[in-house]
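> With the input below, show me the fold.
(one chain, ligands or ions: 2)
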Amino acid sequence: MRGLLLSFALALWLATGASAQPAPFRDDMAQRTLACTVCHGREGRAGPDGYYPRIAGKPAGYLYNQLLNFREGRRHYGLMAGLLDTLSDEYLYEMAQHFARLDLPYPAPHAAAFPAEVLQRGRELALQGDAERRIPACAACHGKTLTGVQPNTPGLLGLPRDYLNAQLGAWRTGQRRALPPDCMGEIARRLAPEDLSAVTAWLASEPLPKDAKPVAAGPVPAKAAPRRKGRTAQPAAAPEPPPMRCGSAQPPVAGTGR
Ligand code: HEC
Ligand code: HEC
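Numbering: from 1, shown residues only. Ligands and ions are numbered 1, 2, ... in the order given. A predicted model of the protein is given here:
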């Protein structure tokens, strides 16, 4: 325990010691999460080498679920999990909301050094899936533009290929898990190794659309989907229901802390 507190203090010291001009002390979330941005890059826009993931701008529910996953052992990174051990669900959710609200530019995609067939196969899996292997299109859940869907599904563009490979690999081996039903574990195991490689190659080389924010989920508002007699067809804008169920924790209700 003392070791963990020490690593927290050290991370905080590193963060504040790194700026030449000491900023006046503000007790706000940006200040309190400096220990996080030591690893996750300035304001959580990712570390320099594809190892420390971007957290800025990802959906709050997704980030909150990941913090729970690390704290409860469904994902593993000791140096970080140690920081979360003593924090309440409410505080984890506050941090998640803080990072989710940040709207920061993404790095340019990596110029792809992959054969055209590989990229074509990756694109097909991402946008159409593969019915024979029972792999739904990534876009069916991660959004048409793959920028994520509120509140629990992250975007897949603007992430380094190494990170994507590591995460899908971890799901295949059970090193990374989500709350059941763990749809991503199922999907990662259905992907043949060459398909996994193709889809991450395509995702990492695809530029982000202008609006890279996660889109709102959910049913079309009643007004946009009038039900007329004799017409059962859904309007073109209606999002398809997700092809598989995915588990996630609900955000905590304020004031019911553990
Ligand atoms: C010592 C470095 C380090 C520190 C400090 C750290 N993290 Fe992390 N964090 C990581 C690494 C590495 C990963 C990715 C691990 C993996 O591959 O699963 C990660 C993953 C995450 C994820 C999941 C990202 C995603 O897209 O799935 C979130 C959310 C996160 N960290 C938030 C935080 C917060 C909030 C703090 C501060 C309380 C923090 N981290 C402190 C290294 C760190
Ligand atoms: C049935 C819905 C669904 C489909 C289809 C789906 N995903 Fe996901 N994906 C999710 C959800 C939900 C999460 C968040 C899981 C969690 O909370 O850990 C996720 C998370 C991820 C992550 C982790 C991102 C990060 O920042 O760590 C990757 C990578 C990923 N999906 C890749 C894919 C790929 C590639 C495909 C297509 C082959 C795909 N997904 C298809 C629902 C889906």
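> only C-alpha atoms for contact and neighbour calcs from this point on.
Will do.
> and the stretch 51-200 of the chain, which of its residues are near ligand 1?
For the stretch 51-200 of the chain, the residues in contact with ligand 1 (C-alpha under 6 Å from any ligand atom) are 51-53, 55, 63, 66-67, 75, 77, 79-80, 83, 95.
> buried sites along the one helix or strand A81 maps to?
Under the criterion of DSSP states H and E, A81 resides in helix 78-84. Buried residues in helix 78-84, counted by 16 or more other C-alpha atoms under 10 Å: M80, A81, G82, L83, L84.
> Hmm, F70 and the second one touching each other?
In other words, A81. Yes - with contact defined as C-alpha atoms under 8 Å, A81 counts as touching F70 (5.4 Å).
> Could you list the residues of the stretch 1-150 of the chain in contact with ligand 2?
So the stretch 1-150 of the chain meets ligand 2 at Y62, N65, L125, A126, P136, A137, C138, A140, C141, H142 (C-alpha under 6 Å from any ligand atom).
> For the residue of the chain found nearest ligand 1, grab the count of nearby residues.
The chain approaches ligand 1 most closely through C36 (3.4 Å), counting by C-alpha to the nearest ligand atom. Residues within reach of C36, counting by other C-alpha atoms under 10 Å, total 21.
> what residues are up against L191?
Residues near L191 by C-alpha atoms under 8 Å, 6 or more residues apart in numbering: R133, I135.
> The stretch 1-150 of the chain: helices as residue ranges?
2-17, 29-32, 34-40, 60-71, 78-84, 89-101, 116-127, 139-142 (DSSP state H, counting those that start in this stretch).
> Just send those back as a markdown table, with mean pLDDT too.
Shown next, in a markdown table, are the helices of the stretch 1-150 of the chain (pLDDT from 0 to 100):
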| stretch | mean pLDDT |
| --- | --- |
| helix 2-17 | 48 |
| helix 29-32 | 91 |
| helix 34-40 | 95 |
| helix 60-71 | 98 |
| helix 78-84 | 94 |
| helix 89-101 | 97 |
| helix 116-127 | 97 |
| helix 139-142 | 98 |
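> re the thing from before, would you mind measuring from the residue of the chain closest to ligand 1 to ligand 2?
Plainly put, C36 is 16 Å away from ligand 2 if you go by C-alpha to the nearest ligand atom, to the nearest Å.
> mind listing what the residue nearest the centre of the chain touches?
With distances taken as C-alpha atoms, centre = their mean, P154 lies nearest the centre of the chain, 3.6 Å away. Taking C-alpha under 8 Å, 6+ apart, we find P154 in contact with K58, P59, Y62, H142, T147, G148, P214.
> Can you name the residue of the stretch 101-250 of the chain nearest to ligand 2?
Closest approach between the stretch 101-250 of the chain and ligand 2, counting by C-alpha to the nearest ligand atom: C138, at 3.3 Å.
> where's the helix holding A81 relative to the chain centroid, distance-wise?
Here the centre of helix 78-84 is set off from its chain's centre by 18 Å, with C-alpha atoms, centre = their mean, to the nearest Å.
> just checking, Q97 touches Y62?
No - between Q97 and Y62 there is no contact under C-alpha under 8 Å: 10.0 Å.
> Those two: who's more crowded?
Higher neighbour count among Q97 and Y62: Y62, with 23 against 20, using other C-alpha under 10 Å.
> Can you tell me the element E186 falls in?
Secondary structure from DSSP H and E places E186 in helix 183-190.
> ok, back up a step: from the residues of the stretch 51-200 of the chain next to ligand 1, keep the buried residues only.
Y52, P53, I55, L63, Q66, L67, R75, M80, L83, M95.
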